[in-house]
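Asker: Any chance you can model this:
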Amino acid sequence: MLDAPNWYARRYNSVVARTRESDPDAEFHIQQIGAQRHASRLATIDYGDAFVLDLQDKGGIAMSGAINDDALTAVFLWGEGTTFNGQRSETPRLRIIGPGTEFKLEMPGSYRLMRIGLRGPTLASLRAASNSDAGDRGWLIPGVHEQRVAPGAEVELQQKLLRTVGFAEAAARRGYDLSAGLAVAASEAGAALAQVLARTHAPPVRNLGFHDRREIVDATLAILEAKPQSPVSVSAVCGILGVGERTLERAFQECLGVNPRAYERERRLRAAHGLILTRGDRLSITDIAMSFGFWHLGRFAGAYAALFGCPPSEMRRRIWGLVAQD
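Answerer: Presented below is the predicted three-dimensional model:
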């Protein structure tokens, strides 16, 4: 029988206090950057083969380290000016960090980091399934992997994680013994991640000319990231890059499996979803929509529901109602 889960839910007002905490799945070093006063809230749950973490921070932080060789971690990291291994990370998008992967994060302002890790027999079973499957799963090797996952699956992971964290915060706040609930919630979060990974295959073999198309896509992403809260027209991007819309379309379809207009809209929808996750208890859906250039609220609600499986108002109720109840 497994031991009771190890967990804590704490607040910190200095980086020095944060450095005293350890991580079962990673070795890392953190330091303060900038002059802004540090304040953070951290909850972690370690049980069986799963590790769950939720961190909300303000005040500049730089973090560098590596995932352990016997662990794998799924991460949502986003915030204004935040970078992940040098790439901007301002919307909540799933990244899979393979065993033994080094990472370097810079978070100059407010940010949120949500994490589910796997190790032990669960990770071993995923390796065994990969070895017997003709389709390679690249996330089992070192590296940061960003294969596209259905947004609904991402939302499920976020909800499982928040449910687990909710138990930890309730236990810390009220002094209850919620070990049984924590154990079940952490196990469910780990199982949900394992299911997502089991369904995720490596991208198809690259065709000739892929490098050139990848450069077009990367240049487009840089243009989009320069204006994270504003709509950017495809024709404007083509004008800046000096390419035709058909060329841009082919590049996006081959490299990302989506057309550039859909990608641009999804980028803003994900940013809006991130704001619901972090400030949905304080901002109206109208304010959130307009923050990212969605001026027609009905169309915003429809597009959001098509991506995440429910309207933004319902998502806010699920997220913040769940947190309040737990």
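
Asker: can you give me phi and psi for Leu105?
Answerer: The phi/psi pair for Leu105 (degrees, to the nearest 10) reads phi -120, psi 140.

Asker: partners of the residue lying closest to it once chain neighbours are set aside in the sheet?
Answerer: With C-beta to C-beta, 6 or more residues apart in numbering as the measure, Met63 is the residue that lies nearest to Leu105, at 4.5 Å, once sequence neighbours are left out. Placement of C-beta: from N, CA and C, glycine included. Taking DSSP bridges as the rule, Met63 bridges to Ile30, Leu105.

Asker: Tell me how far Met63 lies from Val144.
Answerer: From Met63 across to Val144, the span is 14 Å (C-beta to C-beta, to the nearest Å).

Asker: next one: Ala186
Answerer: Taking C-beta to C-beta as the measure, Ala186 falls 24 Å from Val144.

Asker: Looking at these two now, which is surrounded by more residues?
Answerer: Ala186 (29 against 17; other C-beta atoms under 10 Å).

Asker: pretty sure the more buried one contacts Gly48?
Answerer: Yes. At 7.2 Å, Ala186 and Gly48 qualify as touching, with contact defined as C-beta atoms under 8 Å.

Asker: How many neighbouring residues does the residue nearest to Leu105 have?
Answerer: Other residues within reach of Met63, judged by other C-beta under 10 Å, total 16.

Asker: Please apply the same query to Ala168.
Answerer: 26.

Asker: same thing with Leu113?
Answerer: 24.

Asker: mind listing what Ser40 touches?
Answerer: With C-beta atoms under 8 Å, 6 or more residues apart in numbering as the criterion, the residues that contact Ser40 are 11-12, 18, 55-59.

Asker: run the last query once more with 6 Å
Answerer: Residues in contact with Ser40, defined by C-beta atoms under 6 Å, 6 or more residues apart in numbering, are 12, 57.

Asker: helix, strand or coil for it?
Answerer: Reducing the assignment to helix, strand or coil with DSSP: H, G, I helix; E, B strand; the rest coil, the entry for Ser40 is strand.

Asker: now Thr200
Answerer: Assigned with three-state DSSP, Thr200 falls in the coil class.

Asker: How many neighbouring residues does it have?
Answerer: Going by other C-beta under 10 Å, the residues that sit close to Thr200 add up to 19.

Asker: and it, how far is that from Phe84?
Answerer: Relative to Phe84, Thr200 is positioned 19 Å away (criterion: C-beta to C-beta).

Asker: Domain-wise, how is this structure divided?
Answerer: Split into domains by automatic domain parsing, the chain comes to 6-198, 210-325.

Asker: The shortest one - what's its average pLDDT?
Answerer: Per-residue confidence for domain 210-325 averages out to 86 on the pLDDT scale.

Asker: now swap in the first one and tell me
Answerer: In this model, domain 6-198 has an average pLDDT of 86.

Asker: start the count at 392, not 1, going forward
Answerer: Sure thing, new numbering starts at 392, so read that last one as domain 397-589.

Asker: Ends of it, what's the gap?
Answerer: 27 Å (C-alpha to C-alpha, to the nearest Å).

Asker: One more: stretch 625-644?
Answerer: The first and last residues of stretch 625-644 sit 14 Å apart, counting by C-alpha to C-alpha.

Asker: Check which residues of that stretch are buried.
Answerer: Along stretch 625-644, these residues count as buried under the neighbour rule (16 or more other C-beta atoms under 10 Å): 625, 628-629, 632, 634, 639, 641-643.

Asker: which among those gets closest to Ala541?
Answerer: Lowest distance from Ala541 to the buried residues of stretch 625-644 (C-beta to C-beta) belongs to Phe643, with 18.2 Å.

Asker: Quickly note the distance from that closest one to Arg637.
Answerer: Distance of Phe643 to Arg637, given as C-beta to C-beta: 11 Å.

Asker: Gly671 too?
Answerer: Gly671 is 39 Å from Arg637, where distance means C-beta to C-beta.

Asker: Over to Arg409?
Answerer: 50 Å.

Asker: before we move on, what about Ser516?
Answerer: When C-beta to C-beta is the yardstick, Ser516 and Arg637 sit 45 Å from each other.

Asker: No further questions, thank you.
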